[in-house]
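Student: pasting the sequence and the predicted model now:
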Amino acid sequence: MWERTLQDIIRGLRANKNDEAKFIAQAMDEIRKEVKSKDMELKAGAIMKLTYLNMLGYDMNWASFHIIEVMSSSKIHLKIVGYLAAAQSFDEDTDVLMLTTNLIKKDLSSSPAEVAITLNGLSSVVTPDLARDLGPEVFIMLNHSRPHIRKRAVLTLYRVCEKYPEALPQGIIRLQERLDDPDPGVVSATVNVICELARRNPQDYLPLAPRLFHLLTTSSNNWMLIKLIKLFGSLSPHEPRLVKKLQPPITDLISTTTAISLLYECVHTCIIGNMLQGPSGLSLAQTCVSKLAAFLQDADQNLKYIALLALVKIVPTHVGLVAEHQDVILASVDDDDISIRMRALELVTALVSYPPRCHFDKDVNIVGRSTDTTCNPSFNNFCPISYSHKLQYLPPFNHYLSMLSPPIPSKAPSAPTHSPAYRLVLSQRIISMCSDSMYDNVTDFEWYLSVLVDLTYVSGVDIGAQIRDQLVDVVGRVRAVRPYAVKLMVKLLSDETLLVHAGEPGSCSEVLWAAAWICGEYCSELLAPEELLPYLLHSEVTNLDPDTVAVYLQAATKVFGYWCTEAAQQWTNDLLDKVKGAVDSVMERLEDFVSSPHIEVQERAANILQLFAFVKHDLTTYRPKLESTLSDGYSTTSLSVFDTPEMDSAPAFPKSLYLIHPLFSAYELNPVASAAQASVAVPEGLDLDAWIVPSMQAPVHEENESEVVVEKKVKKKSKKGKEKESSNGTRSKGTKKKKEDEEVLVPLEESETARGDSGARTIEPRLFALKSSSARPSSLRFVVEKDGEMPEGAMPATPQSHSAPISRQQTPSLFERISTPPPILPSFQQYDVPESDVRASTPEPIKVTKAKRKGASTGKKKRTTGAG
């Protein structure tokens with residue numbers, strides 16, 4: 001009978017590519033018949049074909065017993081096939097492995113060729129049971145007369161100790177003996193095994209250090225030296241005396257070897273083995289850094305990559321040595337290989353983060369180069385901000401960020417610069433470097449704000465939320481930067497391109513939230529507040545996120561209120577038309593927001609619209625002192641809502657101009673300390689675990705209804721139009737006729753607001769909506785409020801030490817005017833509340849009465865809801 005060989009199977013697979021499954025099924029049927037044959041040659045051939053098919057993904061576990069039959073063959077060429085198939089298909093779950101114990105013991109005592117084959121197969125199929133039973137035989141093979149048998153036995157011992165750890169103590173002793181083996185191959189294999197075993201428990205191999213050190217200083221085999229260097233890297237952290245002993249030979253290897261792999265392993269071992277620390281490690285660190293810097297200039301990308309990895313590990317101990325090669329490191333940021341760029345970014349971040357930090361000029365260089373690589377040519381087409389204008393106070397740094405403005409040559413679509421993942425990581429790294437340790441790396445915050453705005457336009461990724469948080473945090477903590485920040489945010493708000501692209505991915509539209517908030521909160525720094533109102537109420541604003549739209553509306557109200565107070569302090573009758581026009585324009589634009597589907601936007605717009613309606617009515621009824629009527633069609637027939645009988649004391653301007661600004665300027669908004677809430681003591685008698693509102697299942701007692709009683713009016717024909725009396729016999733005030741069965745809240749008492757005349761005071765003349773635009777003082781210093789504000793009377797938390805530069809001392813800002821309250825006007829009464837009527841933090845509940853029905857005044861007891 002003719003049988004197909006392995007060569008025939010391979011040829012048939014190539015000839016039946018279109019119908020491979022059918023050919024394989026036919027071949028498997030033939031193999032199933034052949035493995036049952038009593039002819040060992042035919043059986044071994046079938047196992048060989050089955051092993052090849054198993055490499056293609058076909059199962060051969062069903063033939064495990066037949067594989068053992070071939071392994072037990074007395075012919076060496078058939079035994080090789082059996083052990084090869086076992087190594088290919090057997091695992092710990094193979095049931096027939098228990099039948100191989102005696103077979104392997106017999107083969108280990110046979111000829112050297114069979115011993116070599118057996119050791120090779122045993123290292124692949126060893127299980128915990130086989131390791132326990134065959135461990136002694138493997139130890140015996142370590143003393144075999146043939147070097148290749150000893151080498152195989154050493155390597156097999158690693159698998160035995162891995163599966164059966166109880167054999168490890170004896171194995172270490174036998175491995176130590178093999179370190180003195182006369183054959184270099186056996187010694188190299190022994191070092192390799194010890195290096196792998198020492199990764200798990202290095203302390204157990206410290207007794208081998210003297211012999212290993214001798215091999216390190218005498219061997220010329222680079223591959224064995226690499227293993228020895230790795231091994232000492234694992235041992236030196238557990239034996240400090242090794243560090244001093246290893247420094248001279250490793251320094252000699254670094255200086256003399258030409259093998260790049262050995263050189264890198266020496267540097268890596270110096271890093272992980274703590275050999276670069278202390279005075280004795282300085283010269284070794286200089287040598288390592290210089291070698292790694294040479295790798296960065298090599299054309300081999302692999303050398304650049306491993307050099308960047310190693311330099312990152314050297315930075316924590318010798319940041320100054322690494323910083324000397326910043327130019328070479330920054331050149332790697334522009335590399336075409338994305339992996340090298342990522343490692344270079346990691347190294348750059350480490351250079352800035354670890355003290356002593358790089359010089360400020362270098363920091364700006366790092367951020368400038370990083371921002372340059374982030375720049376997307378498509379964003380330059382609509383970038384309206386002039387970078388030279390933003391950095392007008394920073395001539396030394398203009399070179400780095402000015403590269404963002406000119407068009408950049410387009411790269412290939414696969415260029416790392418256009419990769420969203422890379423651009424996102426790069427932008428996050430820039431923010432992380434600058435904000436590290438509460439902005440310890442930044443000394444000029446105007447420059448940092450400019451960088452954040454640069455990222456808004458050129459990043460092209462969803463980094464807007466982080467930029468928003470940074471803008472708000474910096475402006476809130478650094479008072480001296482607020483004037484410049486407001487100017488920068490006005491440019492953002494006036495850029496319609498940001499509104500148009502707000503819905504696109506990577507538009508960073510969240511930055512507009514910060515821009516509106518900053519301009520509203522620090523509106524006193526605006527040069528012309530009224531000019532910002534059209535941008536805050538632009539029709540395209542409705543396309544933004546609802547949270548951003550709400551901040552826009554709030555900012556517009558703040559800006560208008562501040563502008564009105566400025567106008568009131570420099571009032572002339574010519575300003576009346578301008579203010580009226582602004583009010584009409586704002587009210588007209590607010591109509592678009594009142595109909596917003598978002599409840600927050602709708603509620604704010606409706607409230608603001610009512611405030612402006614109040615202001616408009618007051619402006620309409622305002623009568624200038626020299627004129628009784630106006631020529632613009634506004635009616636002046638009725639008195640102003642603020643007018644009092646004392647007409648002679650009326651101010652020269654509409655009093656509603658001071659209506660809005662005091663609502664937002666009563667308190668200054670300061671950063672809050674992280675431990676502020678924890679420092680507030682719980683008031684005595686306050687149970688934070690108790691329910692604020694009683695459970696609905698608890699019965700409501702009648703005596704608890706004294707605070708809030710519902711007055712229910714029932715329409716009666718005979719009593720229509722009469723006032724109802726409350727249950728306590730007093731007449732309710734302020735009640736009106738309601739529809740039948742309507743429940744209303746009627747206050748029992750009404751406090752009267754006490755008004756007192758304020759003393760006359762001269763109003764100092766101030767500029768109207770204009771501030772000095774002179775250049776900033778040359779000695780301006782930025783002070784970062786790191787600790788934040790603590791609650792009054794709270795016990796301060798343990799102060800944390802901050803390494804702030806000496807130059808950051810408190811310096812009064814020229815523009816700290818946001819918290820200044822409006823001056824007391826001499827010409828009309830102030831709306832002061834008497835001390836006795838000062839409201840607490842929680843208002844008193846309104847007491848109302850529940851009107852009784854007709855005949856309720858009889859002596860019958862009132863029925864409760866739950867009665868009967």
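Tutor: Yep, it's here. Residues are numbered from 1 along each chain as shown.
Student: could you write out the alpha-carbon coordinates of stretch 666-684 in CSV?
Tutor: Provided in CSV are the C-alpha atoms of stretch 666-684 (Å, rounded to 0.1, in the frame of the first residue of the first chain):
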residue,chain,number,x,y,z
ALA,A,666,-20.5,92.3,47.8
TYR,A,667,-17.7,89.8,48.4
GLU,A,668,-14.5,89.0,46.7
LEU,A,669,-14.1,85.6,45.2
ASN,A,670,-10.9,84.0,46.6
PRO,A,671,-9.4,80.5,46.2
VAL,A,672,-10.5,78.2,49.0
ALA,A,673,-8.0,76.1,50.9
SER,A,674,-8.2,72.3,50.4
ALA,A,675,-8.8,71.8,54.2
ALA,A,676,-11.3,74.6,54.6
GLN,A,677,-14.4,72.4,54.9
ALA,A,678,-12.7,70.0,57.2
SER,A,679,-11.6,72.9,59.5
VAL,A,680,-15.2,74.0,60.1
ALA,A,681,-16.3,72.7,63.5
VAL,A,682,-19.8,71.2,63.6
PRO,A,683,-22.1,73.5,65.6
GLU,A,684,-23.3,72.2,68.9
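Student: what about it, average pLDDT?
Tutor: Across stretch 666-684, the average pLDDT comes to 84.
Student: and for stretch 192-200?
Tutor: For stretch 192-200, the per-residue pLDDT averages 92.
Student: quick one: buried residues of that stretch?
Tutor: 192-195, 197-198 (16 or more other C-beta atoms under 10 Å). Using the backbone N, CA and C atoms, a C-beta is placed for each residue, glycine as well.
Student: kindly reformat these as a markdown table containing distance to Leu452 and secondary structure.
Tutor: Below are the buried residues of stretch 192-200 laid out as a markdown table (distance: C-beta to C-beta, whole Å; DSSP: H, G, I helix; E, B strand; the rest coil):
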| residue | distance to Leu452 | secondary structure |
| --- | --- | --- |
| Asn192 | 53 | helix |
| Val193 | 56 | helix |
| Ile194 | 54 | helix |
| Cys195 | 49 | helix |
| Leu197 | 53 | helix |
| Ala198 | 49 | coil |
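Student: which residues touch stretch 487-506?
Tutor: 382, 384-385, 390, 420, 449-450, 453, 456, 459-462, 471, 507, 509, 511-512, 514-516, 518-519, 525-527, 532, 535-536, 538, 540-541, 543-544 (C-beta atoms under 8 Å, 6 or more residues apart in numbering).
Student: how does it look with 7 Å?
Tutor: 382, 384-385, 390, 449, 453, 459-462, 507, 509, 511-512, 515-516, 518-519, 532, 535-536, 538, 540-541, 543-544 (C-beta atoms under 7 Å, 6 or more residues apart in numbering).
Student: check stretch 100-119 too.
Tutor: Counting by C-beta under 7 Å, 6+ apart, 68, 71-72, 76, 79-80, 83, 122, 130, 133-134, 137, 141, 146, 148-149, 152-153, 156 sit against stretch 100-119.
Student: rerun at 6 Å
Tutor: 72, 76, 80, 83, 122, 133-134, 137, 146, 149, 152, 156 (C-beta atoms under 6 Å, 6 or more residues apart in numbering).
Student: and which of those residues is nearest to Ile226?
Tutor: Arg152 (21.7 Å; C-beta to C-beta).
Student: what's near enough to touch the closest one?
Tutor: Arg152 touches 116, 119, counting by C-beta under 6 Å, 6+ apart.
Student: just the contacts of stretch 487-506: which are in helices?
Tutor: 390, 449, 453, 511-512, 515-516, 518-519, 532, 535-536 (DSSP state H).
Student: neighbours of Pro654, how many?
Tutor: Around Pro654 there are 27 other residues, counting by other C-beta atoms under 10 Å.
Student: measure the residue lying closest to it once chain neighbours are set aside to Leu537 for me?
Tutor: Leaving aside its sequence neighbours, Pro654 sits nearest to Tyr622 (C-beta to C-beta, 6 or more residues apart in numbering; 4.3 Å). Separation of Tyr622 from Leu537 (C-beta to C-beta, to the nearest Å) stands at 24 Å.
Student: in this protein, what spans have low per-residue confidence?
Tutor: Filtered on pLDDT under 70, the chain yields the residue ranges 1-2, 355-418, 625-650, 695-780, 793-868.
Student: how would you label Ala44: helix, strand or coil?
Tutor: Following DSSP: H, G, I helix; E, B strand; the rest coil, Ala44 is assigned to helix.
Student: you'd agree it is up against Val81?
Tutor: Yes. Using C-beta atoms under 6 Å, Ala44 is in contact with Val81, at 4.7 Å.
Student: of those two, who's got more company?
Tutor: A count of neighbours by other C-beta under 10 Å puts Ala44 above the other of Ala44 and Val81, at 25 against 21.
Student: from the middle of its chain, how far away would stretch 592-603 be?
Tutor: Distance of stretch 592-603 from the chain centroid (C-alpha atoms, centre = their mean, to the nearest Å) equals 32 Å.
Student: that stretch: which residues count as buried?
Tutor: Residues 593, 596, 598, 601-602 are the ones in stretch 592-603 that count as buried (16+ other C-beta under 10 Å).
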